[in-house]
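A.B. asks: just the structure for this:
(one chain, ligands or ions: 1)
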Amino acid sequence: MERVEPMTGVRAVARVNLAAIERNCAQLARASPLLCAVVKANAYGHGAVECSRAALAGGASWLAVAAAAEARELRDAGIVSRILVMGAMTRGELAIALAADADVVAWTDEFLDWCGVLGGGRVHVKLDSGMGRLGTRDPALADALAERAAASAGLELAGAMTHLATAEEADRSFMDAQLEFFSTWVAPLRDRHPGLIAHAENSAALLGAGRARFDMARCGGAVYGLDPFGVDPAAWGLEPALELRSWVAAVKQCEVGDSAGYGRRFIAEQPTDLAVVPIGYGDGVRRLLSNNADVLICGRRRALVGTVSMDNVTVDLGLQSGVAVGEPVILLGLDGAERIGAEELAARQGTINYEITCAVTPRVPREYHRDGEPR
Ligand SMILES: Cc1ncc(COP(=O)(O)O)c(C=O)c1O
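C.D. replies: Numbering: from 1, shown residues only. Predicted coordinates:
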């Protein structure tokens, strides 16, 4: 059989279309002119530094991360935009965030004490309007913290925020109650501090409403072309930016009764050919996809069969498929008219699309391009 040289020169690669990220941000910025691109967790697996640059080029003006070290990484790469560290931090991490000139999020007096001792910085006060995670549930305490930050030398009251628990759900009642609770708190605060930036919305809340209700929206999933509602990013004019690709490393003839992979969870019931594809759960292709996924080869869907192992999967080609060793295999992305979305993979695994892209491990090199052209 003819041998095709693998296109990328590596066993598995995550190709990221930066032009798609730019266009997604331009689209989101039409709904929220002040746009904060959430680039935590290595930009949902896509690569924090490159995606941050693309998001800023596309129309975002802020970036948000969860951890101090993530802010440090962006600064070290030369990124100068405002960066908000949204997560809870130890005192040591706060020192790193402030040294990186990041904005930080406060909901206790002790945290403001630390900010003061560490030389001060820009603070966003967080109200827990129903997420039940970070933030104070007490609007009076949130007010007191805001006034203290505004009045303290070295501290700046930069923002007021909350986070929504159910923005992607069809029933809007809980989200509406959260928005109401937040609005009631933030409106007078904003009147007293006109420069303060109020922000609450994530991708689902912004897309669902079509326009921002507050000063800034914090969007993550939509930036990468992931549908926060888990169905179809194209319905929102969003383009998935990530392609996960490997190659056919071997084609094996199988007779009836031959098996493939750990536990013999595939046994041929008729003669067939199997492709061995060198990508596995060590790369982020979860074991839950064993006997439970399609891949794209030469523009056609083929069934992943047998157990996903750490470094390999097997794919049923059928007889006389014409598929040669070296042919590219798309596990996530587009091939001709066929597409496998993170939404499809998530549905098969009982999870959400965000977890699919975050799961791609550091072993898989990220390769950046703009609509297929080198950057
Ligand atoms: C506090 C906060 N704001 C905004 C976002 C962005 O959410 P999404 O990716 O759904 O737009 C996240 C993501 O989890 C978050 O934790």
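
A.B. asks: quick one: name the residues of the stretch 101-250 of the chain near the ligand.
C.D. replies: 163, 202-204, 218-222, 228 (CB under 6 Å from any ligand atom). Heads up, the C-betas are built off the backbone N, CA and C, glycines and all.

A.B. asks: and if we set it to 8 Å?
C.D. replies: For the stretch 101-250 of the chain, the residues found near the ligand under the criterion CB under 8 Å from any ligand atom are 134, 161, 163, 167-168, 202-204, 206, 218-223, 226, 228.

A.B. asks: can you pull up the most central residue in the chain?
C.D. replies: In the chain, the centroid-proximal residue (CA atoms, centre = their mean) is residue 44; its distance is 2.6 Å.

A.B. asks: so it is in contact with residue 219, correct?
C.D. replies: No - the criterion here is CB atoms under 8 Å, and residue 44 misses it with residue 219 at 11.0 Å.

A.B. asks: so who does the residue of the chain at minimum distance from the ligand touch?
C.D. replies: Going by CB to the nearest ligand atom, the ligand is nearest to residue 220 of the chain, at 2.6 Å. The contact partners of residue 220, taken as CB atoms under 8 Å, 6 or more residues apart in numbering, are 37-40, 44, 64, 202-203, 354.

A.B. asks: with residue 82 instead?
C.D. replies: With CB under 8 Å, 6+ apart, residue 82 has these contacts: 61-63, 103.

A.B. asks: just the CA trace of stretch 95-104, in PDB.
C.D. replies: Only the C-alpha atoms of stretch 95-104 are listed here, as PDB (Å, rounded to 0.1, in the frame of the first residue of the first chain):
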ATOM      1  CA  ALA A  95       2.700  38.600  45.800                       C
ATOM      2  CA  ILE A  96       3.300  37.000  42.400                       C
ATOM      3  CA  ALA A  97       0.100  38.500  40.900                       C
ATOM      4  CA  LEU A  98       0.800  42.000  42.200                       C
ATOM      5  CA  ALA A  99       4.400  41.800  41.000                       C
ATOM      6  CA  ALA A 100       3.000  40.900  37.600                       C
ATOM      7  CA  ASP A 101       0.900  44.100  37.700                       C
ATOM      8  CA  ALA A 102      -2.300  42.000  37.600                       C
ATOM      9  CA  ASP A 103      -5.700  43.100  38.900                       C
ATOM     10  CA  VAL A 104      -6.900  40.800  41.800                       C
END
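
A.B. asks: show the average pLDDT along it.
C.D. replies: In this model, stretch 95-104 has a mean pLDDT of 98.

A.B. asks: what's that stretch in contact with?
C.D. replies: Residues contacting stretch 95-104 (CB under 8 Å, 6+ apart): 65, 68-69, 71-72, 74-75, 82-85, 89, 94, 111, 115, 118-124, 158-159.

A.B. asks: buried subset of these as a ChimeraX selection?
C.D. replies: Applying 16 or more other CB atoms under 10 Å to the contacts of stretch 95-104, the buried members can be selected in ChimeraX as follows:
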select :65,68,71,72,74,82,83,84,85,89,94,111,115,118,120,121,122,123,124,158,159
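
A.B. asks: got any residues that touch both of residue 44 and residue 219?
C.D. replies: residue 38.

A.B. asks: how many residues are close by residue 194?
C.D. replies: Residue 194: 6 surrounding residues under other CB atoms under 10 Å.

A.B. asks: which SSE is it in?
C.D. replies: Using DSSP states H and E, residue 194 sits in no helix or strand.

A.B. asks: likewise for residue 158?
C.D. replies: Assigned by DSSP H and E, residue 158 falls in strand 155-161.

A.B. asks: show me what that strand is in contact with.
C.D. replies: With CB under 8 Å, 6+ apart as the criterion, strand 155-161 contacts 84, 103, 105, 112, 115-116, 120-127, 135, 142, 146, 148-150, 185-186, 189-190, 193, 196-200, 216, 218.

A.B. asks: correct me, but residue 83 touches residue 62?
C.D. replies: Yes - with contact defined as CB under 8 Å, residue 83 reaches residue 62; the gap is 7.3 Å.

A.B. asks: and of the contacts of residue 82, the nearest to residue 10?
C.D. replies: Nearest to residue 10 among the contacts of residue 82: residue 63, at 28.6 Å, using CB to CB.

A.B. asks: excluding chain neighbours, what is closest to the closest one?
C.D. replies: Among residues not flanking residue 63 along the chain, residue 83 sits closest, at 4.9 Å (CB to CB, 6 or more residues apart in numbering).

A.B. asks: quick check, that neighbour in a helix?
C.D. replies: No - applying DSSP: H, G, I helix; E, B strand; the rest coil, one finds residue 83 to be strand, outside a helix.

A.B. asks: circling back: okay, the residue of the chain closest to the ligand and residue 238: tell me how far apart.
C.D. replies: 12 Å (CB to CB, to the nearest Å).

A.B. asks: neighbours of residue 150, how many?
C.D. replies: Neighbours of residue 150 using other CB under 10 Å come to 18.

A.B. asks: before we move on, what about residue 92?
C.D. replies: Residue 92 has 8 nearby residues by other CB under 10 Å.

A.B. asks: so it: helix, strand or coil?
C.D. replies: helix.

A.B. asks: what about residue 144, helix or strand, and which?
C.D. replies: helix 139-151.

A.B. asks: packing partners of that helix?
C.D. replies: Under the contact criterion of 3 or more CB pairs under 8 Å, 6 or more residues apart in numbering; DSSP states H and E, helix 139-151 touches helix 109-117, strand 121-126, strand 155-161, helix 173-192.
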